[in-house]
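# any chance you can model this:
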Amino acid sequence: MHVRRVENLKEGVLTAAGIYGANGSGKTNVLRALSFMKQAVEESHRSWKPDGGVPLDRFRLNREALNDGSRMVVDFLQGGIRHEYGFVADSAAIREEWLYVYPNNKKQTWFMRRQGTAMSFSDRMPGENRVIETLMRPNSLFLSTAAQNNHDALTRVYRWFSERLQYVTSERSTRSSVKICAHPDVRQVLSQLMHEADLGLTEVRLRPSNVSNPFKDLLQHLAQLKESPEEADSSGLLFTDTIEFVHGEGNKTTALPLHEESDGTVAFFSLLGPGVTALAVGGIVLVDELDAHLHPLLATRVIELFRSPQSNPLGAQLIFTTHDTNLLRALRRDQIWFTEKNRNGESSLYPLSDFRTRGNENLESGYLQGRYGAIPYIDSDRLLERLEPVHGKDR
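Below is the predicted model:
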């Protein structure tokens, strides 16, 4: 089942979306924008330097656009209620910020911020709003400031970003997967998923380290001193325990450490941590290059975990970029998106549903033929001409 129906929401909700496009077309930047929103909400008040401005990666190919603010908006459900949160920022400060809440589908403006004017607050949003406004810096979000100062109503919104939104880069860190392996029940689920993937292993095992107790305690203490609680937890686990993959059955088993496994096994394992976490809380996981080091059937398996009501009863969502056209078969037409650059280097994001397609149309063939755009146009003859001075004309 691809479309989920949610109480108090007229629109259906899709559980997966894939973004296609040529290299350098802006696919990854779509995910990075959402990741930046998460970072800004979590860290702008606590970690950004007061005189350091806003750490935006600006579009530099259009000098006129450098003075424009970057506008970021996300529409999400929290506690079964629709929220719309967004802000406009430039490299110096937050220009605008707002939060709309829709209980019973009726819009309430909880707060509105505009640079140079006092904020406006709704009576429906309890809390020490004016006090927190005085603590807010020009380059920090009000939502971030409120959460760091125990604003009950806004902390629930903050947690959507901190607990439900995850970004998996193409480098594939295993930190999240290793961290949740500390829980025996979750580790068993990961073991089953790894086994079902036909990777030649039967179990994910957590083996206690042989580090002596005084040294082990010291390492755990040092890990707790790290700035990020998430890093502290995962680093503590890595210091004191070892993840092993068990191959074979019965008495004939061999346990291999993570670094001795294939890139494909490590890539699949790295996706399971964020994926299982999102499925457990109804969150969103953003994956750059879902197909990296994965067989198309394994990548399809990841999509199926989000598509199935059995494995995804809470309506978690997977948003990914990919070049693998085989995955088009695992998606509905309204789950397929494209990125393409114009002559000025500006990227646009558009859905396949903008095109008229027949029910039996071969989407893979149509995409590779350029029917929907978003592919590189390579002049092979010109490329060969450019290589002639290197290889020699007589070869």
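
# give me the below-cutoff pLDDT ranges for this protein.
1, 59-67, 208-241, 378-388, 390-395 (pLDDT under 70).

# please enumerate the helices of the stretch 101-250 of the chain.
Taking DSSP state H, counting those that start in this stretch, the helices of the stretch 101-250 of the chain run over residues 129-135, 142-148, 152-164, 175-180, 184-196, 213-224, 229-240.

# tell me what the second one is packed against?
Helices and strands in packing contact with helix 142-148 are listed as helix 27-43, strand 94-102, helix 129-135, helix 152-164; criterion 3 or more C-beta pairs under 8 Å, 6 or more residues apart in numbering; DSSP states H and E. Glycine gets a C-beta too; all of them are placed from N, C-alpha and C.

# including distance to Thr339 and mean neighbour count, could these go into a markdown table?
Compiled in a markdown table, these are given as follows (distance: least, C-beta to C-beta, whole Å; neighbours: other C-beta atoms under 10 Å):
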| stretch | distance to Thr339 | mean neighbour count |
| --- | --- | --- |
| helix 27-43 | 5 | 19 |
| strand 94-102 | 26 | 20 |
| helix 129-135 | 38 | 14 |
| helix 152-164 | 24 | 17 |
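
# which of those sits closest to Ala280?
Comparison of the helices and strands packed on helix 142-148 against Ala280 by C-beta to C-beta identifies helix 152-164 as nearest, at 10.4 Å.

# angle of the closest one against strand 94-102?
Between helix 152-164 and strand 94-102, the angle comes out at 100 degrees (axes from the mean of the first three to the mean of the last three C-alpha atoms, to 10 degrees).

# for Tyr111, give its distance to Glu163.
I think there's a mix-up here, since residue 111 is Phe and not Tyr. With distances defined as C-beta to C-beta, to the nearest Å, the gap from Phe111 to Glu163 amounts to 22 Å.

# could you do Ala146 as well?
Ala146 is 16 Å from Glu163, where distance means C-beta to C-beta.

# do Glu364 as well
For Glu364, the distance to Glu163 (C-beta to C-beta) stands at 36 Å.

# buried residues, stretch 266-284. List them.
Buried positions in stretch 266-284, judged by neighbour count with 16 or more other C-beta atoms under 10 Å: 266-279, 283-284.

# ok, of those, which one's closest to Leu201?
Leu201 lies nearest to Phe269 out of the buried residues of stretch 266-284, by C-beta to C-beta, at 9.8 Å.

# thinking again about what came up before, how about the helices and strands packed on helix 142-148 in a markdown table, adding distance to Met119?
Listed next are these as a markdown table, based on distance: least, C-beta to C-beta, whole Å:
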| stretch | distance to Met119 |
| --- | --- |
| helix 27-43 | 17 |
| strand 94-102 | 8 |
| helix 129-135 | 5 |
| helix 152-164 | 13 |
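
# which residues does Gln317 bridge with?
When bridges are taken as DSSP bridges, the partners of Gln317 come out as Ile284.

# so it makes contact with Phe306?
Yes - if you go by C-beta atoms under 8 Å, Gln317 and Phe306 touch, sitting 6.8 Å apart.
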